[in-house]
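**Q** curious how this folds, go ahead:
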Amino acid sequence: MLAILYVVLSGIALPIGGIQMQYLWRNQLGDVYSLGLGSAACLGAAAATMSSFCSLTVGSFICTLICTIICFFVTLKLSTQNLITFGILFGTFIGSLGTIVVTNAPTPELMKQYYLWGAANFNLEGVTGADIIFSLILFIIGIVSAIVSAPSLSAHFTSKIELSPFRKAVQLLSIMFLVTSSVSICGPIGFVSLGVPNLSRIVCKSTDIRKHYLISSLMGVGLLLLTYLVVKYVNFGIYLPVSATMALLALPLMAIIFFKK
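**A** Numbers count the residues shown, from 1 in each chain. Okay, the predicted model is just below:
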């Protein structure tokens, strides 16, 4: 049951975080991983796993918060286009730190635990009850914040208003809560936070972000649930990571839709 719970939670949190990024930066390449937030969550989880200093979710939250603070100050200096470029490079840097942490794992068991978590197969490797409670709290805060900020974010996206640096920081925190609630428990899940919001914007031309919250969530949950069932029951006797399997299932569909449009 917990696995299904996090399939649903991730299917909602990551697309909503992705569409918020796209509206915040007015760019279809906006993604929860584009500013290094996903990489930071992974680094925190890796450090927590290897050191046993804190739980997965707490370690992930701390690193993602630091990353968000850095990105906030960078937003004050760079244009949107340069910010996305910075985010990709910054994410690569953080991901490299995570690789160093994992490859220097004290024991093979801890390295295996991290990689099984990183496969994002909803096996909840090394996850405690406290982690689950904390992640659910983060998810609720992130969703409530997303709903409350929806009107102003839609107006910002259509250039009717310009969000102040402070409100952009609050928006980044909201997205950070959503990212951490999923990634810290399930590991990094690609495509759903970038592909699904873009698919929603192709299907629905409305600029009201609330409509895309609903459409993206339904698509995200449906796609993740399908992928989870394939990974669990139609795996042909091999281990299929969720992210890789999702790409195989979803990219042909995305290609058809993009070419038709």
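**Q** okay, and residue 57 sits in which element?
**A** helix 56-75 (DSSP states H and E).
**Q** flag every buried residue along that helix.
**A** For helix 56-75, a neighbour-count test (16 or more other CB atoms under 10 Å) marks 56-65, 67-68, 70-72, 75 as buried. C-beta here means a position set from N, CA and C on the backbone, and glycine is covered the same way.
**Q** which one of these is nearest to residue 46?
**A** residue 59 (8.0 Å; CB to CB).
**Q** next, work out how far apart the closest one and residue 38 are.
**A** Using CB to CB, to the nearest Å, residue 59 is found at 14 Å from residue 38.
**Q** tell me where the model's unsure across the stretch 151-261 of the chain.
**A** 253-254, 256-258, 260-261 (pLDDT under 70).
**Q** so where do the helices sit in it?
**A** In the stretch 151-261 of the chain, the segments counted as helices under DSSP state H, counting those that start in this stretch are 165-186, 195-203, 209-233, 242-260.
**Q** do the same with the stretch 1-150 of the chain
**A** 2-25, 37-51, 56-75, 80-103, 108-118, 129-157.
**Q** would you mark the buried spots in the fourth one?
**A** For helix 80-103, burial by neighbour count (16+ other CB under 10 Å) applies to 83-84, 86-88, 90-91, 94-95, 97-98, 101-102.
**Q** tell me the mean pLDDT for that helix?
**A** For helix 80-103, the mean pLDDT works out to 82.
**Q** which helices and strands does it pack with?
**A** Where contact means 3 or more CB pairs under 8 Å, 6 or more residues apart in numbering; DSSP states H and E, helix 80-103 is packed against helix 2-25, helix 37-51, helix 56-75, helix 108-118.
**Q** what about these, which gets the closest to residue 140?
**A** For residue 140, the closest of these is helix 2-25, at 10.3 Å, according to CB to CB.
**Q** that closest one to helix 129-157, inter-axis angle?
**A** Relative orientation of helix 2-25 with respect to helix 129-157: 30 degrees, computed using axes from the mean of the first three to the mean of the last three CA atoms, to 10 degrees.
**Q** how near is the residue nearest to residue 187 when sequence neighbours are not counted to residue 144?
**A** Excluding the flanking residues, the one nearest residue 187 by CB to CB, 6 or more residues apart in numbering is residue 120, at 3.8 Å. Distance of residue 120 to residue 144, computed by CB to CB: 25 Å.
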